[in-house]
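**Student:** Provided below are the primary sequence and the corresponding predicted coordinates.
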Amino acid sequence: MAELRLVVTSSEAATPQIRTLVLAAENGGALPSFRAGAHIKVHLPEGGERPYSLVNTEPSPDATQNPTSYRLGVRLEEDSAGGSRYMHGLKEGDVIAATGPENQFAVRDEDAPVTLIAGGIGITPILSMASELSAAGRPFEFHYCGRTRDALAFVEPLKVICGEALTLHYDDEPDTAIDLGAVATSAGADGHLYVCGPRGMIEAVRERAHEAGMDKDHVHFELFTKHDEQVAGGAFEVEISSTGDVFTIPPDRSIIEVLEEAGIDLIYDCQRGDCGICQTGVLDGVPDHRDVILTDEERAANDVMQICVSRAKSDRLVLDL
Ligand code: FES
C-alpha cells in the first residue's frame, strides 16, 4: 500500500458540518488510481489514523486513473478531539501523511441492477459509485437520506450524475421518508444494494432486504460511525486463552488497540465492524456486539466477536487467541 505525502490545495465548507478537502501529491505528479468505494487512511499527528473515502464527482472512466488530486468529504463530529477536528483545521499548503488507497467496497463488475443508498456523510463512497456506474453506462437507483435539506452535501453534482435516478429524503420532512421495504422490493432478488451510513440504517436495510427475499451476499455495506462511538463503554478484562495473560480494556480503547500495544499480532482492517476480518472466537464471557456483520443468531450464540468494535457485557472475556 502506497505511503502518501499530500498537500492541501483547497478546503471549503460543503455544508455547515462538512468540509470538502482537495489533496495533491506533495511532490506533484499523479496519485495512485482508485475505484469507487476506496478510502485512504490519514495519519493523525497525535497517533492513530482515520479512513476517509475518496470522492469522485466526474462520471468519466479517466477521472480515477492516475488522478492529480484526491477529494474528501469530512463531517465535523460533535465533541471530536481527533480526526474530524484535525481535518477541519487543515489549510491550503498544509501537508498530511496517509496510506492507500484501499478498497473493500467496490461495485461488482456484473450486470445486475444496482441500488445505492447513502445516509449523511455516508454519501462519500456512494457518490463515487454513482459516477463510476454512470461512466460505464450502467443504470442504478440512488437514495440519499439526511436530517435536513442543508445537511446534505454534494447534491448539485449528484443531480447532474443521477438525473431521474436520484431521490432525496429528509428526516424533518416526513413526506420524503424513505420506505426501505419498497426500495428492497423494487431492487429485486437479482439486484445488489450498496449502502453507507450509520449503524441503524445499515441494520434496517439488511433486515428489509432479507424480508424482500434478497440474498445477504447482495447487500454490500460500509459502516460510518464516529471513533468515539465505537470504543465508548465501561472497562472490562480480556484473557488470552493460549497464554492466560489478562488485559484491562479501558472505556475509551478497543480490544485491538490494547492487545496490539502489548505486542500481540492481530489481523484486522476496517476497525468499524463491517469487514469481519478481525473476527475472534469467544471461549467464555458475554460480548457486547457492536458490529454489523453478525446475524441475530450469531450474536445470540456469543461464540465469536469482532474485536475492533465489540466490547463485553461480562466482566471478563476469554478469547481464542
Ligand atoms: S476490522 Fe473489520 S470488522 Fe473488525
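**Tutor:** That came through, no problem. In this text, all values refer to a predicted model and were calculated from it rather than measured experimentally.
**Student:** which residues of the stretch 201-321 of the chain lie near the ligand?
**Tutor:** Those residues of the stretch 201-321 of the chain that sit near the ligand, judged by C-beta under 6 Å from any ligand atom, are 268-271, 273-278, 291, 306, 308. Bear in mind the C-beta positions are built from the backbone N, C-alpha and C, glycine included.
**Student:** weed out the non-buried ones from these.
**Tutor:** Tyr268, Cys270, Gln271, Gly273, Asp274, Cys275, Gly276, Cys278, Asp291, Gln306, Cys308 (16 or more other C-beta atoms under 10 Å).
**Student:** so of those, which ones are in helices?
**Tutor:** Using DSSP state H, no member of these falls in helices.
**Student:** domain ranges for this structure?
**Tutor:** 3-102, 114-223, 228-319 (automatic domain parsing).
**Student:** go through those and name the closest to Arg108.
**Tutor:** domain 114-223 (6.4 Å; C-beta to C-beta).
**Student:** all helices for the chain, in order.
**Tutor:** Under the criterion DSSP H, helices of the chain are mapped to 83-88, 123-135, 155-162, 180-187, 199-211, 227-231, 255-261, 296-301.
**Student:** as CSV, the ones you listed with mean neighbour count and mean pLDDT would be great.
**Tutor:** Converted to CSV, the helices of the chain look like this (neighbours: other C-beta atoms under 10 Å; pLDDT from 0 to 100):
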stretch, mean neighbour count, mean pLDDT
helix 83-88, 19, 90
helix 123-135, 25, 97
helix 155-162, 17, 96
helix 180-187, 18, 94
helix 199-211, 19, 90
helix 227-231, 18, 54
helix 255-261, 18, 93
helix 296-301, 11, 88
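**Student:** please convert these to JSON lines, extending it with distance to Pro45.
**Tutor:** Formatted as JSON lines, those follow (distance: least, C-beta to C-beta, whole Å):
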{"stretch": "helix 83-88", "distance to Pro45": "7"}
{"stretch": "helix 123-135", "distance to Pro45": "23"}
{"stretch": "helix 155-162", "distance to Pro45": "31"}
{"stretch": "helix 180-187", "distance to Pro45": "40"}
{"stretch": "helix 199-211", "distance to Pro45": "28"}
{"stretch": "helix 227-231", "distance to Pro45": "15"}
{"stretch": "helix 255-261", "distance to Pro45": "18"}
{"stretch": "helix 296-301", "distance to Pro45": "37"}
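**Student:** so for Ala2, which of those sits nearest?
**Tutor:** Here helix 123-135 is closest among the helices of the chain (C-beta to C-beta), at 18.4 Å.
**Student:** was I right about Gly276 contacting Glu298?
**Tutor:** No: if you go by C-beta atoms under 8 Å, Gly276 and Glu298 don't touch, sitting 10.7 Å apart.
**Student:** going by neighbour count, list what's buried in stretch 9-18.
**Tutor:** Residues Ser11, Ala14, Thr15, Gln17, Ile18 are the ones in stretch 9-18 that count as buried (16+ other C-beta under 10 Å).
**Student:** which of the residues you listed sits closest to the ligand?
**Tutor:** Ile18 (24.6 Å; C-beta to the nearest ligand atom).
**Student:** specify the beta-bridge partners of the closest one.
**Tutor:** Arg75 (DSSP bridges).
**Student:** alright, calling it a day.
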